[in-house]
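Engineer: one predicted model, sequence on top.
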Amino acid sequence: MKNEAKRVVKSAIQAYKPIHKKLKPYRFYTRTTSKLHDAYRVWIDPRAADCRSFVEGYSSKKIEPNTIFLESFFGEKISCNPYAVYQALQASACGSKFQFIWVIQNTTYIPDDVARKPNVHFVKRGSAEYGEALLTSETIISNMTLPRYFAIKPEQKYFNVWHGVPLKSMGLDASDRLNSVSNVQRNFHSATHLPLAGEYAIEKIVTSNGAKLAARDKGLPIGSPRVDITLKAESSKVRTKLSISNDKPILLYAPTWRGNAATLKVEVADQLKVVEQLSEALANDYNLIVSIHHFASKKIEAENLKCTLVPNEMNINEVLAAVDVLIGDYSSIIVDFLPLDRPVIAYTPDIESYLDSRGLYLHPEQLPVTVAHDIPQLMSALRSLRRPSTFEQYPSIKQSLTPHEDGMASQRVADRILTKAAPCTSEGKRHILIYPGGLKTNGITSAFLSLIANIDFEETDVSVLVDAHTTDSDEERYENFRKIDPRCEIILRPAKFYPDQEEHRAYRRFLDNPKSVSTEDQQRIMRSFAREARRLVGNSEFTTAIDFSGYSPFWSMLIAASNAQMHVTYQHSDMLAEAENPDRDHVHLPAVFMMYRLTCSPECTRSQASAVHVVVHS
């Protein structure tokens, strides 16, 4: 069995070597036998230059002071909240001392105020330079998620300025699949600051993804920087950019892509029909402009419909400054437009199916907008336009969705960066990190649930570490997961591990023969697991970290490497007898026992050498 495991690992290591660029990208990961290892997948992608650069340079590369890394929509655009914050930083008295690194892709349009600045540099997403920039920048600003391998360094600040205020359900409110939200949640745990529009946005974006403590400790209700662009842009200049010179009002049709590739053709056909009818019926009354999925845009160009497509190089928030009437549906563009107090029509012909498939936090009828469910209603709404402020619900919606939109949100975020402000943290409470085991229906899970039921949550914060992929794939585990007290913070671990080559080999040697592991291999192993802990929980510090399972070398090491004052492994039985019993198949337990002797990584900030405490069930 050991020979077979070694063969698999050897193949994985060989696959790690660079391959010819003409080969198609592929993913290769090992899955070893459960007798030797816990079947946790090791991510080894020979084509992922950014991941390789990041992981291999993590310990040796230093932070570059005053370097700011900016990413908007995975590098597809230079726009949204990161762009607005960039403008505020460049305009500040300290702007010239910063080095800005913008993430781009092959077709990214670069605005003049970015392209012509000597202190601006560019990296292509997925490149080795991208990984290094992510690793060495002092400040990181993103409106989406950073890659799964990202683990923040203690000296870094990460501002996640999420893209918009949602009307539609998010995170675990929209899906019961844990793995689908695990990287979003992980980014919120990793972030040091979460500047968002208000308390509503913090709850619907951060808390909905299961990151309640991150929402409480890091959420900053200070407004949406991108709305500053809308409030400050000059309508006449926007019209010039759009090549609209007449005095007719501008009508923007901006439907949401429903996010379902299977129904994309139907959606495109429906949206094209709306554009065609609007362009024919309103040609004499409005300048019709359209912001739509690029698949539909190609169709519009091909059919030569009478409308103006919003150019890819234009920032949609800048465009909104010149818009007189907006037709939206379930998108956050409606929220961005509300501070202008100009008429909005929510065109929602699929409202029932959308509610069933995705869900909404706010029904269109609850918003200060006119709702239309078909084309005749849409045309009627265009003939009797109403400003949001004329609706009864306007004051409450403004207070909830846009309470801080005064054109200064970008400056408030910039001020946090300029003053190097630390995030707020909860004072006076214990914070426990606990791995409950695999959540199978057994004595360990029952004991864990009983333990949680007896914790005083007034005095203690509890973060429960859960393997997202394993829990998703097993109905029994998922049902037990749902029994966890909702007052607990859930830390969802995506099922991949990112050691470098030397760390990976050291870990395999340790699992093969724990007693012969060298001091150098111990350091490599703990270094990789300390990075893994930071990948999952960021800069979080814990009073106690507990491995409540006690059977898995992977999870025992992860708990041992976490940033806690005390590390505990719980033994539920005579585990030495189990390890020596050939019928029990616990050949990996010697690695767990050996782990007790390992001390925390020197990267841990609150514990220099905190040995693992073993608690024995009696």
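Structural biologist: Noted; the coordinates are in hand. Just so we're clear, the structure is a prediction, and the values are computed from it rather than from any experiment.
Engineer: could I get the full set of strands for the stretch 151-300 of the chain?
Structural biologist: Ranges of strands in the stretch 151-300 of the chain, per DSSP state E, counting those that start in this stretch, are 157-160, 194-196, 219-221, 250-253, 287-290.
Engineer: so where's the protein uncertain?
Structural biologist: Scanning the chain for pLDDT under 70 picks out 1-47, 258-264, 293-304, 421-427, 579-580, 583-587, 598-618.
Engineer: so what's the residue positioned nearest the centre of it up against?
Structural biologist: Nearest to the mean C-alpha position of the chain, by C-alpha atoms, centre = their mean, lies residue 184 at 2.8 Å. Listed by C-beta atoms under 8 Å, 6 or more residues apart in numbering, the contact partners of residue 184 are 145, 171, 209. Just so you know, the C-beta spots here come from the backbone N, C-alpha and C atoms, and that holds for glycine as well.
Engineer: any idea which of these is closest to residue 507?
Structural biologist: Of all the contacts of residue 184, residue 145 has the smallest distance to residue 507: 26.8 Å, by C-beta to C-beta.
Engineer: the closest one contacts residue 187, correct?
Structural biologist: Yes - contact status for residue 145 versus residue 187: in contact at 4.6 Å, counting by C-beta atoms under 8 Å.
Engineer: the more surrounded of the two?
Structural biologist: Just comparing residue 145 and residue 187: by other C-beta atoms under 10 Å the higher neighbour count belongs to residue 187, 26 against 18.
Engineer: how much space between the more buried one and residue 89?
Structural biologist: Distance, residue 187 to residue 89, by C-beta to C-beta, to the nearest Å: 21 Å.
Engineer: check residue 230 too.
Structural biologist: Computed as C-beta to C-beta, the residue 230 to residue 89 distance reads 19 Å.
Engineer: please apply the same query to residue 171.
Structural biologist: Distance, residue 171 to residue 89, by C-beta to C-beta: 30 Å.
Engineer: residue 200 now?
Structural biologist: Noted for residue 200: a distance of 27 Å to residue 89, by C-beta to C-beta.
Engineer: do the same with residue 577
Structural biologist: Applying C-beta to C-beta, the value for residue 577 to residue 89 is 62 Å.
Engineer: over to residue 63?
Structural biologist: Distance, residue 63 to residue 89, using C-beta to C-beta: 18 Å.
Engineer: neighbour-wise, which of the two wins?
Structural biologist: It is residue 89, of residue 63 and residue 89, that has more neighbours when counted by other C-beta under 10 Å, with 23 against 14.
Engineer: so that one makes contact with residue 99?
Structural biologist: No - counting by C-beta under 8 Å, residue 89 sits too far from residue 99 to count as a contact (11.2 Å).
Engineer: identify the contacts common to the two.
Structural biologist: residue 68.
Engineer: which strand residues bridge residue 196?
Structural biologist: Residue 196 has these beta-bridge partners by DSSP bridges: residue 221.
Engineer: pretty sure it is touching residue 202, no?
Structural biologist: Yes - look at residue 196 against residue 202 with C-beta under 8 Å: they come within range, at 5.1 Å.
Engineer: give me the more crowded residue out of these two.
Structural biologist: When residue 196 and residue 202 are compared on other C-beta under 10 Å, the one with more neighbours turns out to be residue 196, at 29 against 23.
Engineer: now do the contacts for the more buried one.
Structural biologist: By C-beta under 8 Å, 6+ apart, the residues touching residue 196 are 161-162, 165, 202, 205-206, 219-222, 224.
Engineer: just residue 114 next, same as before
Structural biologist: Contacts of residue 114 by C-beta under 8 Å, 6+ apart are 78, 86, 100, 102, 120.
Engineer: next, count neighbours for the second one.
Structural biologist: As a burial measure, residue 86 scores 27 neighbours (other C-beta under 10 Å).
Engineer: repeat for residue 595
Structural biologist: A total of 25 residues lie near residue 595 under the criterion other C-beta under 10 Å.
Engineer: tally up the residues packed near the residue lying closest to it once chain neighbours are set aside, please.
Structural biologist: Once flanking residues are discounted, residue 595 sits nearest to residue 556: 4.9 Å by C-beta to C-beta, 6 or more residues apart in numbering. For residue 556, the neighbour count with other C-beta under 10 Å is 25.
Engineer: cool, and residue 102?
Structural biologist: Neighbour tally, residue 102, other C-beta under 10 Å: 25.
Engineer: before we move on, the earlier item: okay, and the common contacts of residue 196 and residue 202?
Structural biologist: Common contacts of residue 196 and residue 202 (C-beta under 8 Å, 6+ apart): 219, 221.
Engineer: which one of the contacts of residue 184 is nearest residue 539?
Structural biologist: Distances from residue 539 to the contacts of residue 184, taken by C-beta to C-beta, are shortest for residue 145, at 17.5 Å.
Engineer: secondary structure element for residue 480, which one?
Structural biologist: Here residue 480, judged by DSSP states H and E, is contained in helix 475-481.
Engineer: who does the helix or strand immediately after that helix in the chain pair up with?
Structural biologist: Downstream of helix 475-481, the first helix or strand assigned by DSSP H and E is strand 489-493. Next to strand 489-493 in the sheet, as set by DSSP bridges, lie strand 460-467 (parallel).
Engineer: mind listing what's buried in the partner strand?
Structural biologist: The neighbour-count check on strand 460-467 (16 or more other C-beta atoms under 10 Å) flags 461-467 as buried.
Engineer: distance of the residue nearest to the centre of the chain relative to residue 514?
Structural biologist: Distance, residue 184 to residue 514, by C-beta to C-beta: 36 Å.
Engineer: surely residue 420 forms part of a helix?
Structural biologist: No - according to DSSP: H, G, I helix; E, B strand; the rest coil, residue 420 belongs to no helix; its state is coil.
Engineer: residues near the closest residue to it other than its chain neighbours, how many?
Structural biologist: Using C-beta to C-beta, 6+ apart and skipping the chain neighbours, the partner closest in space to residue 420 is residue 157 (7.3 Å). Around residue 157 there are 21 other residues, counting by other C-beta under 10 Å.
Engineer: quickly note the distance from residue 157 to residue 416.
Structural biologist: Distance check for residue 157 against residue 416: by C-beta to C-beta, it reads 9 Å.
Engineer: again, but for residue 193
Structural biologist: 6 Å.
Engineer: need the residues touching each of these two.
Structural biologist: Shared contacts of residue 193 and residue 416, defined by C-beta under 8 Å, 6+ apart, are found at 159, 220.
Engineer: those helices in the stretch 1-150 of the chain, which residues are they?
Structural biologist: 2-15, 49-57, 80-91, 112-115, 128-136 (DSSP state H, counting those that start in this stretch).
Engineer: deepest of those, which one?
Structural biologist: Per-stretch averages of neighbours, counted by mean count of other C-beta atoms under 10 Å, single out helix 80-91 among the helices of the stretch 1-150 of the chain, with a mean of 24.
Engineer: same for it, what does it pack against?
Structural biologist: When contacts are defined as 3 or more C-beta pairs under 8 Å, 6 or more residues apart in numbering; DSSP states H and E, helix 80-91 packs onto strand 64-71, strand 99-104, helix 112-115, strand 137-142, helix 225-232, helix 409-418.
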